[in-house]
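[1] okay, sequence plus prediction incoming.
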Amino acid sequence: MLFRLLICLAVIFISACQSQPGQEETSSTAEKSKNPNIIIFYVDDLGYGDLSSYGATRVETPYVDKLAENGLKLTDAHCSAATCTPSRYALLTGSYAFRNDARILPGDAPLLIDTAMRTLPKMLQGAGYATAVVGKWHLGLGSGSIDWNQEVTPGPREVGFDYSYLIPATGDRVPAVYVENQRVVGLEADDPLRVSYDGPIDDAPSARDEPELLRYPSDDQHSDDIINGVGRIGYMTGGDQAQWVDEEFPHLLTLKANEFISEHKADPFFLYFSFHDIHVPRLPHQQFEGTTDMGPRGDAIVQMDWCVGEVMRHVEALGLSENTLVIFSSDNGPVLNDGYEDGSVSMLGDHQPSGPFRGGKYSAYEAGTRVPTIVNWPGTISQKESGALLSQVDFYASLAALTNQPLADGDAPDSQNLLQVLLGQSDQGREFMVEESQILSLRKGKWKFIPATNRTADWMDIKGIEGGLQDTPQLYDLSEDPGEQRNLAGQYPELLNEMAETLEKIRGGGTRK
């Protein structure tokens, strides 16, 4: 198809240009702005133990490791929730997602973020930044029923992004198309795109009815339309020339990120690079197939690492390294079989995606939200490891402080200014922090409190994840018991009550100091 051929040729051409000697700009010729450029690498479903810099031995991540070796490696930093949409909402708004009842969204959900809110990218626009989001969005688009053949609005532009190139929902949900600046890329007028989550809209085979057409089996939820040999959630018809090929994600998204950086090298810029990797379906490019012995999940980690390396090489080639703050993290803890039988379980071996922690994606236990977090800024941040307690909801207030942007009443209600922690100048993190999953849990220093609940989640057992939902309260001393195996609730009733009361106060209002 012509559109896909043009993509491939563009990727090859840009990559070749970037690697030619004599093309680089040195720091002496690059314009330095007052405020640093900011890049957030936001990986999907990456666990605490999935990087070699965090203890992995069966997968190597040299480019991300380089960020840690020359920057700040945080060991008690958290996404705000154990699932993707809530974490993304909190990162961009500075507000815990439960305040907006934010949950994992279907592929045709309306925009979740109120366009009247002052968001992280809007705040940075106010400081003179050019802003961009590239990659997975999954925060909803439009205001109801979407006509994918027109401009889709509201969207990233209305919440503060000057440029956007999106996987609109997730890789396992339709529509399986890219959306650039709120229009589907490559769409032809005589082949309109239609999307349905109510049932089939044409006679195309489904994964449920014709599983022999699949590259690997999927569960019933992921057994609607077959796209690129993989079952997806939902149905779509038309838009054949616009349909993505999963294997092209790493090169195309990296290309778009680097193009944005090149266009704004003289400005302060904010790039939110939101990876699809290592979310399902995992279909690594041929370049990365077999780079580990853990199958597609391991290969997707290597692919993600390569993307980080390509962007950082481009930043260096433009002479921007010493004026660029990089934050690397993940949207929630790890999951192996999340709907597809891709070998992630059978080929895991002794790899520990959650590191020493219990649980994973969806879980109230620590591995649900404790994720690898690295901050790099050459010449400003020195090599250091810190155990400061930090949440991604704090990025907003911290970056506002960095760029001298005041926060008005109502802005980022849960975000705390921990800039000195992010710069490696302090180990004094949060006193209290909420961890959101099926329920709300609370951290206070070394202590972890999980309230009693009557909720059940048998589907987590099917995924091999310990959900942490019990009908009695749980209290763990993580300094002695990082795996949350010894419930001390009965031994510390006063502390248990104090943490329960604090959690209820947080439910009732913002926590920004």
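    Structure's in. What do you need? Numbering: from 1, shown residues only.

[2] do a quick rundown of the strands in the stretch 201-350 of the chain.
    With strands called from DSSP state E, counting those that start in this stretch, the stretch 201-350 of the chain shows them at 226-227, 230-231, 235-237, 269-274, 324-330.

[3] how about the stretch 351-500 of the chain?
    Secondary structure of the stretch 351-500 of the chain by DSSP E, counting those that start in this stretch: the strands cover 373-376, 384-386, 390-391, 432-436, 440-444, 447-450, 474-477.

[4] let me have these in JSON lines, extended by distance to residue 245, mean neighbour count and mean pLDDT.
    Any C-beta I mention is one placed from the backbone N, CA and C, and that applies to glycine too. As requested, the strands of the stretch 351-500 of the chain are exported to JSON lines (distance: least, Cβ to Cβ, whole Å; neighbours: other Cβ atoms under 10 Å; pLDDT from 0 to 100):
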{"stretch": "strand 373-376", "distance to residue 245": "30", "mean neighbour count": "25", "mean pLDDT": "98"}
{"stretch": "strand 384-386", "distance to residue 245": "40", "mean neighbour count": "16", "mean pLDDT": "98"}
{"stretch": "strand 390-391", "distance to residue 245": "36", "mean neighbour count": "26", "mean pLDDT": "98"}
{"stretch": "strand 432-436", "distance to residue 245": "34", "mean neighbour count": "24", "mean pLDDT": "97"}
{"stretch": "strand 440-444", "distance to residue 245": "40", "mean neighbour count": "21", "mean pLDDT": "98"}
{"stretch": "strand 447-450", "distance to residue 245": "42", "mean neighbour count": "24", "mean pLDDT": "98"}
{"stretch": "strand 474-477", "distance to residue 245": "45", "mean neighbour count": "20", "mean pLDDT": "98"}
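
[5] of all those, which lies closest to residue 417?
    Closest approach to residue 417 among these (Cβ to Cβ): strand 390-391, 11.5 Å.

[6] quick one: which of the strands of the stretch 351-500 of the chain is nearest residue 280?
    Residue 280 lies closest to strand 432-436 among the strands of the stretch 351-500 of the chain, at 21.6 Å (Cβ to Cβ).

[7] which strands and helices sit next to the closest one?
    Applying 3 or more Cβ pairs under 8 Å, 6 or more residues apart in numbering; DSSP states H and E, one finds that strand 432-436 contacts strand 390-391, strand 440-444, helix 493-508.

[8] on that earlier part again, any chance of JSON lines for the strands of the stretch 201-350 of the chain, columns mean pLDDT and mean neighbour count?
    Converted to JSON lines, those look like this (pLDDT from 0 to 100; neighbours: other Cβ atoms under 10 Å):
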{"stretch": "strand 226-227", "mean pLDDT": "97", "mean neighbour count": "22"}
{"stretch": "strand 230-231", "mean pLDDT": "98", "mean neighbour count": "26"}
{"stretch": "strand 235-237", "mean pLDDT": "97", "mean neighbour count": "21"}
{"stretch": "strand 269-274", "mean pLDDT": "98", "mean neighbour count": "26"}
{"stretch": "strand 324-330", "mean pLDDT": "98", "mean neighbour count": "25"}
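
[9] now tabulate those strands in CSV and tack on distance to residue 425.
    Listed next are the strands of the stretch 201-350 of the chain as CSV, based on distance: least, Cβ to Cβ, whole Å:
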stretch, distance to residue 425
strand 226-227, 48
strand 230-231, 46
strand 235-237, 49
strand 269-274, 22
strand 324-330, 14
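
[10] residue 80: which of the ones you listed is closest?
    strand 324-330 (11.0 Å).

[11] what's the neighbour count on residue 167?
    A total of 25 residues lie near residue 167 under the criterion other Cβ atoms under 10 Å.

[12] from residue 351, how far out is it?
    Using Cβ to Cβ, to the nearest Å, residue 167 is found at 26 Å from residue 351.

[13] from the rest of the structure, what touches stretch 99-114?
    Stretch 99-114 has contacts (Cβ atoms under 8 Å, 6 or more residues apart in numbering) with 83-86, 89, 92-93, 97, 119, 138-146, 154-155, 158-159, 168-170, 173-175, 195, 197, 233-234, 413-414.

[14] from those, keep the buried residues only.
    Buried members of the contacts of stretch 99-114, scored by 16 or more other Cβ atoms under 10 Å, are 83-86, 89, 92-93, 97, 119, 138-142, 146, 154-155, 158-159, 168-170, 173-175, 195, 233-234, 413-414.

[15] would you map the helices across this protein?
    2-19, 62-69, 84-93, 120-126, 249-263, 295-317, 395-402, 419-422, 458-462, 493-508 (DSSP state H).

[16] would CSV of these with mean pLDDT and distance to residue 447 be doable?
    Shown next, in CSV, are the helices of the chain (pLDDT from 0 to 100; distance: least, Cβ to Cβ, whole Å):
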stretch, mean pLDDT, distance to residue 447
helix 2-19, 46, 48
helix 62-69, 98, 27
helix 84-93, 97, 22
helix 120-126, 98, 29
helix 249-263, 98, 40
helix 295-317, 98, 32
helix 395-402, 98, 24
helix 419-422, 98, 19
helix 458-462, 77, 24
helix 493-508, 96, 7
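
[17] any chance of these in CSV, plus distance to residue 181?
    Converted to CSV, those look like this (distance: least, Cβ to Cβ, whole Å):
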stretch, distance to residue 181
helix 2-19, 16
helix 62-69, 29
helix 84-93, 18
helix 120-126, 14
helix 249-263, 11
helix 295-317, 20
helix 395-402, 24
helix 419-422, 30
helix 458-462, 37
helix 493-508, 38
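
[18] tell me the most buried of the ones you listed?
    Highest mean neighbour count of these: helix 84-93, a mean of 28 (counted as mean count of other Cβ atoms under 10 Å).

[19] and that one with strand 324-330, angle?
    160 degrees (axes from the mean of the first three to the mean of the last three Cα atoms, to 10 degrees).

[20] now do helix 84-93: which elements does it pack against?
    Using 3+ Cβ pairs under 8 Å, 6+ apart: helix 84-93 touches strand 37-43, helix 120-126, helix 395-402.

[21] okay, that helix in CSV with CA atoms only?
    Written as CSV, here are the backbone C-alpha positions of helix 84-93 (Å, rounded to 0.1, in the frame of the first residue of the first chain):
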residue,chain,number,x,y,z
CYS,A,84,-3.1,3.0,32.1
THR,A,85,-5.9,5.5,31.7
PRO,A,86,-5.9,6.6,35.3
SER,A,87,-2.1,7.0,35.4
ARG,A,88,-2.1,9.1,32.2
TYR,A,89,-4.9,11.3,33.5
ALA,A,90,-3.0,11.9,36.8
LEU,A,91,0.3,12.6,35.1
LEU,A,92,-1.3,15.2,32.7
THR,A,93,-3.7,16.9,35.2
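
[22] give me the contact list for it.
    With Cβ under 8 Å, 6+ apart as the criterion, helix 84-93 contacts 40, 42, 44-45, 79-81, 95-98, 100, 102-105, 112-113, 117, 119-121, 136, 138-139, 159, 170, 272, 274, 279, 331-332, 391-393, 395-396, 412, 414, 436.

[23] residue 430: which of the strands of the stretch 201-350 of the chain is closest?
    When those are compared for distance to residue 430 using Cβ to Cβ, the nearest one is strand 324-330, at 15.6 Å.

[24] for that closest one, packing partners?
    Where contact means 3+ Cβ pairs under 8 Å, 6+ apart, strand 324-330 is packed against strand 37-43, helix 62-69, helix 295-317, strand 373-376.

[25] and if we set it to 6 Å?
    strand 37-43, strand 373-376 (3 or more Cβ pairs under 6 Å, 6 or more residues apart in numbering; DSSP states H and E).

[26] could you please name the strands the last one pairs with and the direction of each pair?
    Strand 373-376 has these partner strands in its sheet, going by DSSP bridges: strand 72-74 (antiparallel), strand 324-330 (antiparallel).

[27] re earlier: I'd like to know which of the helices of the chain lies nearest to residue 285.
    Shortest distance between residue 285 and the helices of the chain, using Cβ to Cβ, is found for helix 249-263: 5.6 Å.
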